[in-house]
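[1] Any chance you could fold what I've pasted below:
(one chain, ligands or ions: 1)
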Amino acid sequence: MRKTTMILACAITAAAASAETHEVGAHDMTFKPEVIHVSPGDTIRWEYVSGSPHTVSSGDGCRFDGLFFSALSFIEPVFEWVVPDGATGDIPYFCAPHCINGMVGVIHVDEVCQGELTGDGDVGGEDLLVVLSRWGSDDHAGDIDGNGVVDGEDLVILLGNWGACG
Ligand SMILES: [Cu+2]
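    I've put the predicted structure just below:
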């Protein structure tokens, strides 16, 4: 029980530490960039840049699916949405008035399996060995959080994700 709690706390800390904000501009008839890669917990910040009023409407094929919505214009120039835990794959969205002109975007949620270093689909002893054998170095292979050194933070992430991926 105590161990589970500790691992959970670690996983949450790791997720919070790596959360990023991704910016998307709403230009005349285009979201830029059109495709973004995110992780659960990241924030997406859409900003009105130019053109007649836009919307940020989740859904594929210009059909709203109810996940998120905001108007985006000079009156309401910013919309932020946090990628929920458990989100996977592609989340398409569009601008309602300009969808017919191809004003669409895709949020690609990267598979979260930090600590999976050997390509075998789970986080386990082999991955631990990768981190331990590179301890203190700047070797990319073991630097899970990308802070330039293989250290305790990488170990915490690895232990937090211990087990099967996905
Ligand atoms: Cu638009």
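[2] is the closest residue to F74 other than its chain neighbours in a bridge, and if so with what?
    In space, and not counting its chain neighbours, F74 is closest to Y48: 6.1 Å by C-beta to C-beta, 6 or more residues apart in numbering. C-beta: built from backbone N, CA, C; applies to glycine. Taking DSSP bridges as the rule, Y48 bridges to A26.
[3] which residues sit in contact with Y48?
    By C-beta atoms under 8 Å, 6 or more residues apart in numbering, the contact set of Y48 is 26, 54, 72-74, 76-78.
[4] before we move on, what about G105?
    24, 31, 34-36, 92-94.
[5] Name the next helix or strand downstream of the helix or strand hosting it, please.
    Element membership of G105 [criterion: DSSP states H and E] is strand 104-109. Remark: after strand 104-109, the chain's next helix or strand is strand 122-123, criterion DSSP H and E.
[6] Just the buried positions in the next helix or strand after that next one, please.
    Counting by DSSP H and E, the element after strand 122-123 in chain order, helix or strand, is helix 125-133. With burial defined by 16 or more other C-beta atoms under 10 Å, the residues of helix 125-133 counted as buried are 127-128, 130-131.
[7] Reformat these into a markdown table and put pLDDT and distance to the ion next to each item.
    Converted to a markdown table, the buried residues of helix 125-133 look like this (pLDDT from 0 to 100; distance: C-beta to the ion, whole Å):
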| residue | pLDDT | distance to the ion |
| --- | --- | --- |
| D127 | 93 | 44 |
| L128 | 95 | 48 |
| V130 | 94 | 46 |
| V131 | 95 | 46 |
